[in-house]
Every structure is written in structure tokens, then in C-alpha cells.
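Asker: Can you look at this prediction? I've put the sequence above it.
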Amino acid sequence: MDESVIEVGNIIKNLQLTEAVTIDKKKLGKKYSLSYTGVNSNCHGSKILDENQMKVFDVIATKGEFNFKGDLEQFILSSEVERINSAYQFDHLLAINCSIVDSLPHQVEAVYMYLLPQPRIRFLLADDNGAVKSIITGLLLKELLMRKIVERILIATPGGLTKQWQEDEMRVKFNFPFKLVNRNAFSSEPTAFQDNDRVDTSIDFISREDMLQIVAKNTWDIIICDEAYMLSAYEYGEKVYKEKRYDAACLLSKQREHIPLLTATPHRGHKDTFKCLLQLLGEDIFATADLATQRVRKLSQNGDNKFFIRRLKEDMKDWDGKSLYKERFTKAISNDLTPEKKWLYDAVTEYLTRQKKRLSTRVISMSPLPYTLPGRQLPTR
């Protein structure tokens, strides 16, 4: 290459492997001293080269000027990449439009009105059975991934649902490959939690003390807990009894920004259990059972609920406004019992009445409850 071709302000390639550089040329005897600045990194450097080494450089542009010598196909591909990366700014339902799911109004509402607007997604999604909360989760994850808000994802489910979440819910519907980590997978790959950005595992598996320490040491951008009612804790007197699942969720929730909880049975009639579940989202906000109940009721009435949402089957409509499920009703049906069935009904009723009275007076025996139903004899034909 003729030295006159390389001038101050020329942008050349092949001097640095990672990027093109803008150069400043100075001749030193029979060699050249080049100082340069990276076009992208803006990092400075210098090299002393001979004439043969100077021949491999190509001038691709001059600073402040434009040329049209670039690769057209690469330019189109780069433009398409940028278009996809910024598509969420123009298409507010992008996740729906690029997923093979037929979303429903209540699912779209949950993702785009309740979950996605939150800076910290610490939310209890407690829709009734049939809401398909896995689709809501998949749409949420796709939106967060496209916005580059999250990268490392942990899904914790009951052991019997891990395969379903990995294959049916994430891979088929949303094309998300998740690594299923159980005891066998962990034994063959001890670094599975560190090496994989998307992990699907069992809540019971990671609740083990040895596994919990490993999982907690890793950085997760979002942790999703399905069937969150299994994260059980309850109060007895002044003490709080916590299951291992709850302890695991409590430890992980304190270290992560985003932790959606999914369950169709959030309350189950126990205020203390419900309060403990909500405390995974904000321990100070739901400090007492009464405060948890009041805040959930108040938030639901105002429509500005940042922590909790529950829709029943009767509330779920299709896009035409028609109910997705038939109306439910109760009706007492009379049934003529045979003598054997009548005996069993009366015996069980007597047994339960006796045990209820026993517990209500707090006279609780530590011995196993009897399996027989004394006081009655099976009628003979």
C-alpha cells in the first residue's frame, strides 16, 4: 500500500481484529508509527509497523465522509436486527403477535395492564383455574426478554409439572428452550444452574439445604413460582411455622427484583397463611393478616392493584364478550341411602363431630387417631 493512501482521519480495517480504527500516521525512519482510535470502543492505541505490514490495511472511509462500498446484504440484515430489537416500542402487543397462542382478554389485561407496567414485578396472579396462567407467564417473559430487562430465568414448579412447563408451555407455545434440572441432571452437570440462563426445576428439589445454597448464589433476573399455595407458612400462637418450600422462596425473593407467584387458591380460608404468602412480595407492606386483607380489598376496589389480581371463571370472556365457561350453580339432590350407606354416613358424622369437639377444647392427643368407628355395628342383611 502506498503510504500516501493512509492519511490522518482515514478509517481502516485489519489493524485491530475487533473493529475499524481511525488513524494518525507518523513516519519514523523506514517504519511507520501509527496511533489510532477505535471507531466503536473509542479506545486509543499505537503500533510501529514496516511497509509490508502496511500493505494489509484497507481504507474503508474517511472521517466525516460517507461511501457506499458496504455489503448490501449485511446492511439489510443489520437493519432487520435493529428493527426487531426496537419493535416493542411501536407494537404494544408484540409478544402476542410473535407467539403461537390464541390469547384471551383477561390474559392480555394481566400482562399489559397489571404486570408489565410495574418496575418491580412482585405480584400474586391468583386467577381461577382455567385462566391458563402459563400463557400469561410466557407473554410476560417474551416482553421482558425483548426489552432486555431479564436474561436469567428460574421457573420453580411442583415436581409433576416441570416437564409440562419445559416442553408444552415454554418450548411449544413460545419457543423458549429451558434446561430441566432435577437430581439426575444435576448429578451429571453440577454447574447446571450457573451455565444455563433459563432453568426449570422443582421447588422441592431446590428446597433441600445443599441445593438452596447453590441456587441462591446464582443471579436470577426473575423467579416464577407456580402453584404458590404450596409455599406454606402458618402461625400458632406467637410462633410462625414455615415449610422448607416457603423458606426457599423467602430466601430467593429477598435477592431478586421480579418474583411472580401463580396460584388459583391463594387464601384457602386462613388469614395467616395468606399473609405469609403475600409477605414474599413485600414483608413490610403486608405485616399483619388484617393489614394484608385490608390492602388487597382496597387495591381491588380502586383498580390500582400492584400486588394481587384474581379473576373468577365467571369474569372471563372471549373477544366477542361471551363467557368462556358455563355458569356455575349449586343444587341439592336427594338420595335414598341403603342401610349400609346410612350406617356409614352416621358413623362418619359421629366420628367427625367427636374429633371436632376434641380439637376445639385443645385436648389433642399425640397418639394416632383410631381407624375404627366405635359405637355402631354394621347392619346385616
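Answerer: Structure's in. What do you need?

Asker: Strands of this structure, residue ranges please.
Answerer: Taking DSSP state E, the strands of the chain run over residues 10-13, 21-28, 31-38, 44-49, 58-62, 124-125, 153-157, 179-181, 198-202, 222-225, 233-236, 239-242, 261-262, 308-309.

Asker: worst average pLDDT in those strands?
Answerer: Lowest mean pLDDT of these: strand 21-28, a mean of 72.

Asker: picking that back up, adding mean neighbour count and distance to Ala131 as columns, could you present the strands of the chain in a markdown table?
Answerer: In this view, the C-beta of every residue, glycine as well, is placed from N, C-alpha and C. Formatted as a markdown table, the strands of the chain follow (neighbours: other CB atoms under 10 Å; distance: least, CB to CB, whole Å):
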| stretch | mean neighbour count | distance to Ala131 |
| --- | --- | --- |
| strand 10-13 | 20 | 55 |
| strand 21-28 | 16 | 56 |
| strand 31-38 | 17 | 52 |
| strand 44-49 | 13 | 57 |
| strand 58-62 | 15 | 56 |
| strand 124-125 | 24 | 8 |
| strand 153-157 | 25 | 16 |
| strand 179-181 | 19 | 25 |
| strand 198-202 | 23 | 21 |
| strand 222-225 | 23 | 15 |
| strand 233-236 | 15 | 25 |
| strand 239-242 | 12 | 28 |
| strand 261-262 | 24 | 10 |
| strand 308-309 | 21 | 10 |
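
Asker: For those, please prepare TSV with the additional fields distance to Asp290.
Answerer: What follows is the strands of the chain, written out as TSV (distance: least, CB to CB, whole Å):
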stretch	distance to Asp290
strand 10-13	68
strand 21-28	67
strand 31-38	61
strand 44-49	64
strand 58-62	69
strand 124-125	18
strand 153-157	30
strand 179-181	40
strand 198-202	34
strand 222-225	25
strand 233-236	13
strand 239-242	16
strand 261-262	21
strand 308-309	16
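
Asker: Ala249 is nearest to which of the ones you listed?
Answerer: Across these, Ala249 has its closest neighbour in strand 222-225 (6.0 Å, CB to CB).

Asker: Show me what the most centrally placed residue in the chain bridges to in the sheet.
Answerer: For the chain, the residue sitting closest to the mean C-alpha position, by CA atoms, centre = their mean, is Ile224 at 3.8 Å. Ile224 has these beta-bridge partners by DSSP bridges: Ile155.

Asker: Output the helix of greatest length in the chain in PDB, but only the C-alpha positions, please.
Answerer: Taking DSSP state H as the assignment, the helix of the chain that covers the most residues is helix 339-360. Presented in PDB, the C-alpha positions along helix 339-360 are these (Å, rounded to 0.1, in the frame of the first residue of the first chain):
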ATOM      1  CA  PRO A 339     -79.000 -49.400  55.100                       C
ATOM      2  CA  GLU A 340     -75.200 -49.900  54.600                       C
ATOM      3  CA  LYS A 341     -74.700 -46.400  53.300                       C
ATOM      4  CA  LYS A 342     -76.800 -44.900  56.000                       C
ATOM      5  CA  TRP A 343     -74.800 -46.700  58.700                       C
ATOM      6  CA  LEU A 344     -71.500 -45.400  57.200                       C
ATOM      7  CA  TYR A 345     -72.900 -41.800  56.900                       C
ATOM      8  CA  ASP A 346     -74.000 -41.800  60.500                       C
ATOM      9  CA  ALA A 347     -70.800 -43.400  61.700                       C
ATOM     10  CA  VAL A 348     -68.500 -40.900  59.900                       C
ATOM     11  CA  THR A 349     -70.700 -38.000  61.100                       C
ATOM     12  CA  GLU A 350     -70.400 -39.100  64.700                       C
ATOM     13  CA  TYR A 351     -66.600 -39.600  64.400                       C
ATOM     14  CA  LEU A 352     -66.000 -36.100  62.900                       C
ATOM     15  CA  THR A 353     -68.300 -34.500  65.500                       C
ATOM     16  CA  ARG A 354     -66.300 -36.100  68.200                       C
ATOM     17  CA  GLN A 355     -62.900 -35.100  66.800                       C
ATOM     18  CA  LYS A 356     -64.100 -31.500  66.200                       C
ATOM     19  CA  LYS A 357     -65.100 -31.200  69.800                       C
ATOM     20  CA  ARG A 358     -61.800 -32.700  70.900                       C
ATOM     21  CA  LEU A 359     -59.800 -30.200  68.900                       C
ATOM     22  CA  SER A 360     -62.000 -27.200  69.800                       C
END
